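> the sequence and its predicted three-dimensional model are supplied below.
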Amino acid sequence: MDENIRKLKELVSQSDNIVFFGGAGVSTESGIPDFRSVDGLYNQKWSYPPETILSHSFFERCPEEYYRFHREKLVIDGVKPNRAHLRLAELEKEGKLRAVVTQNIDGLHQAAGSENVLELHGSILRAYCSKCRKPYSADVMNHGEGVPRCSCGGVIRPDIVLYEEPLDEDIMTRAIRCIRKADMLIVGGTSLNVYPAAGLINYYTGNKLVLINLSRTEYDRYADLVIHEKIGEVFSQI
Ligand code: OAD
């Protein structure tokens, strides 16, 4: 067995308060592209940069264009949890993992069976009216045509955090609390480029910080174990 995998298994076996903190790279093996890899969303041609389309002001100004992008790029039908999502859900059931903190909006951790999932950037599986806040089925938003509207006339929007919008304070506080108390923090599939989410790693003070990411990150030098491999493959071996 690979030395890194052996070490990871050993660290997991010594821990019973593990927190996993992940990003888009956790779902690429399910067929959802990430943002910053060469074939990621931010390197595809689009009439505006995706960071612009995914911003609050753009959504307000050009909801039609936003929804074209949303339905073509964010909504991917038929995706299933991969081995990373599934193993994380098992670790929770085994009483070893306390929380999954994710930047992803795809709902795949819950689909895999994870219960304590803190969605820092919300979910495209929830929608609400931007004017009266009435909740709506995500189907209207994800599979309808044009700009979905509420009976009050407001635009229905995804329950995701767009650029220029603050993160949900309660979720952030819970994520910080979990990470502070964790005896092991596994960070995976995230470039750790987007703040404030990336800064969460600084709340971990233990000595079992594991980074699993295909490419290097700014935080590699602080980790007790760094694995540059596909996260689904790694989790299928532990
Ligand atoms: P990024 O696209 O920035 O980073 C994904 C990371 O995952 C990259 O460093 C890849 O090398 C790595 N990766 C890809 N596939 C992998 C695999 N199978 N196994 C291991 N690593 C893999 O995505 P995030 O860090 O999640 O925010 O980006 C953070 C935020 O930026 C997103 O939540 C989104 C985006 O703008 C909002 O929309 C608010």
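Right, received. Where do you want to start?

> looking at the chain, which strand is longest?
When every strand of the chain is counted residue by residue (DSSP state E), the longest turns out to be strand 122-129.

> for that one, name the packing helices and strands.
Packed against strand 122-129 by the contact rule (3 or more C-beta pairs under 8 Å, 6 or more residues apart in numbering; DSSP states H and E) you find strand 135-136, helix 138-143, strand 156-160. For glycine as for every other residue, the C-beta is placed from the backbone atoms N, C-alpha and C.

> now those as TSV including mean neighbour count?
Shown next, in TSV, are the helices and strands packed on strand 122-129 (neighbours: other C-beta atoms under 10 Å):
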stretch	mean neighbour count
strand 135-136	14
helix 138-143	16
strand 156-160	22
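
> where among those is average confidence lowest?
Looking at the helices and strands packed on strand 122-129, the lowest mean pLDDT belongs to helix 138-143 (a mean of 92).

> wait, does the helix or strand of the chain with the lowest mean pLDDT contact the ligand?
The weakest-scoring helix or strand in the chain, judged by mean pLDDT, DSSP states H and E, is helix 50-53 (a mean of 89). No - Helix 50-53 stays clear of the ligand (C-beta under 6 Å from any ligand atom), getting no nearer than 6.5 Å.

> interface residues of this protein facing the ligand?
So far as C-beta under 6 Å from any ligand atom goes, the chain lies against the ligand at 23-25, 28-29, 34-37, 40, 54, 103, 121, 161, 189-191, 193-194, 212-215, 230-232.

> looking at these, which are in helices?
Using DSSP state H, the subset of those located in helices is 231-232.

> pull out the buried residues from the residues of the chain next to the ligand.
The neighbour count (16 or more other C-beta atoms under 10 Å) marks 23-25, 28-29, 34-37, 40, 54, 103, 121, 161, 189-191, 194, 212-214, 230-232 as buried among the residues of the chain next to the ligand.

> contacts for stretch 74-82, please.
For stretch 74-82, the surrounding residues in contact (C-beta atoms under 8 Å, 6 or more residues apart in numbering) are 26-27, 29-32, 89, 105-106, 108-109, 111-112, 124, 142-143, 158, 232.

> ok, back up a step: using TSV, lay out the helices and strands packed on strand 122-129 together with distance to Ser47.
Putting the helices and strands packed on strand 122-129 into TSV (distance: least, C-beta to C-beta, whole Å) gives the following:
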stretch	distance to Ser47
strand 135-136	27
helix 138-143	21
strand 156-160	20
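
> which one of these lies nearest to Glu10?
Glu10 sits nearest to strand 156-160 of all those, at 37.3 Å, using C-beta to C-beta.

> show me what secondary structure element comes after that closest one.
helix 169-181 (DSSP states H and E).

> helices and strands around that next one, which ones?
Helices and strands touching helix 169-181, by 3+ C-beta pairs under 8 Å, 6+ apart, are strand 18-22, strand 97-102, strand 117-119.

> repeat that for 10 Å
Here helix 169-181 touches strand 18-22, strand 97-102, strand 117-119, strand 184-188, going by 3 or more C-beta pairs under 10 Å, 6 or more residues apart in numbering; DSSP states H and E.

> format those as a markdown table; extra columns: mean pLDDT.
A markdown table is the format used below for the helices and strands packed on helix 169-181 (pLDDT from 0 to 100):
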| stretch | mean pLDDT |
| --- | --- |
| strand 18-22 | 98 |
| strand 97-102 | 98 |
| strand 117-119 | 98 |
| strand 184-188 | 98 |
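
> ok, which of these comes nearest Leu8?
Nearest to Leu8, of all the helices and strands packed on helix 169-181, is strand 184-188, at 8.3 Å by C-beta to C-beta.

> paired strands for the closest one, with orientation please.
strand 18-22 (parallel), strand 209-212 (parallel) (DSSP bridges).
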